[in-house]
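Enquirer: this one's structure only:
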């Protein structure tokens, strides 16, 4: 996996004239750079629960990003909330529109891999099935999350198995939905699998997927997975 660290640095220096897509991409590059550093932070208390990990992550990211703010549990459609939202600290005009610190420009969902029991939640990274709209990708496809956005992020806290194994497993779950072996309240199509998988030497993997939404533009999901056992497994 390769990316230019310079893409991350302007997060603290942009003042005007930036395009929304550029801001989103730089924010994603910044998170990609910071996730291993957060995991390995000697001051970070070891946690397993998703909400506690996400609370830790938001505090760490806010400490290192001077022009943007990460906020936990942003309300979405109905009773839904998303794990993290990103806003500007100061008002700025982007693509001719004024963005204030109330206007989210990027939404982020976080999931543990594997999902904790019960077994019916096993595939929640993708779908909650017919009885629950709890799946990360499912909610993006339905417009329950990031309804008016065309790019979003899912962060995976990999607590067991390797990132590469999860890439294969999650694609097999999507294949089951495409082929009708599993069902939820979305239409799944060929081409929605996670593509472009790459992993760096710090135990951070990245891939992308593109999902159609009824009556709205497609949404591109950037998947960032951090191997939470990497430091222990590679300790000398």
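Expert: Perfect, I can see it now. Keep in mind the model is a prediction, meaning the values are calculated, not measured.
Enquirer: Phi, psi for residue 27 please.
Expert: phi -70, psi -40 (degrees, to the nearest 10).
Enquirer: right, and it touches residue 86 too?
Expert: Yes: under the criterion of Cβ atoms under 8 Å, residue 27 makes contact with residue 86 at 5.8 Å. From N, CA and C alone the C-beta is placed, and that goes for glycine too.
Enquirer: Pull the contacting residues for the most centrally placed residue in the chain.
Expert: Geometric centre of the chain, nearest residue: residue 154, 2.0 Å, by Cα atoms, centre = their mean. Shown in contact with residue 154 (Cβ atoms under 8 Å, 6 or more residues apart in numbering): 108, 109, 110, 111, 125, 136, 137, 221, 222, 223, 224.
Enquirer: Give me the neighbour count for the third one.
Expert: Counted with other Cβ atoms under 10 Å, the burial measure for residue 110 works out to 21 neighbours.
Enquirer: just residue 204 next, same as before
Expert: By other Cβ under 10 Å, the residues close to residue 204 number 24.
Enquirer: This protein: strands as residue ranges?
Expert: 68-75, 81-88, 92-94, 97-99, 106-113, 151-158, 195-199, 204-213, 216-227 (DSSP state E).
Enquirer: For residue 131, which of the ones you listed is the nearest?
Expert: Closest to residue 131 of these, according to Cβ to Cβ: strand 106-113, at 18.5 Å.
Enquirer: Surely residue 133 touches residue 143?
Expert: No: at 10.8 Å, residue 133 does not count as touching residue 143 under the criterion of Cβ under 8 Å.
Enquirer: Roughly how far does the residue nearest to the centre of the chain sit from residue 206?
Expert: Computed with Cβ to Cβ, to the nearest Å, the distance linking residue 154 and residue 206 is 11 Å.
Enquirer: okay, and the common contacts of these two?
Expert: Shared contacts of residue 154 and residue 206, counting by Cβ under 8 Å, 6+ apart, come down to 222, 223, 224.
Enquirer: I'd like those as JSON lines, with neighbour count, distance to residue 47 and pLDDT appended.
Expert: Supplementary listing: these in JSON lines, determined by neighbours: other Cβ atoms under 10 Å; distance: Cβ to Cβ, whole Å; pLDDT from 0 to 100:
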{"residue": "222", "neighbour count": "22", "distance to residue 47": "24", "pLDDT": "98"}
{"residue": "223", "neighbour count": "25", "distance to residue 47": "21", "pLDDT": "98"}
{"residue": "224", "neighbour count": "18", "distance to residue 47": "18", "pLDDT": "98"}
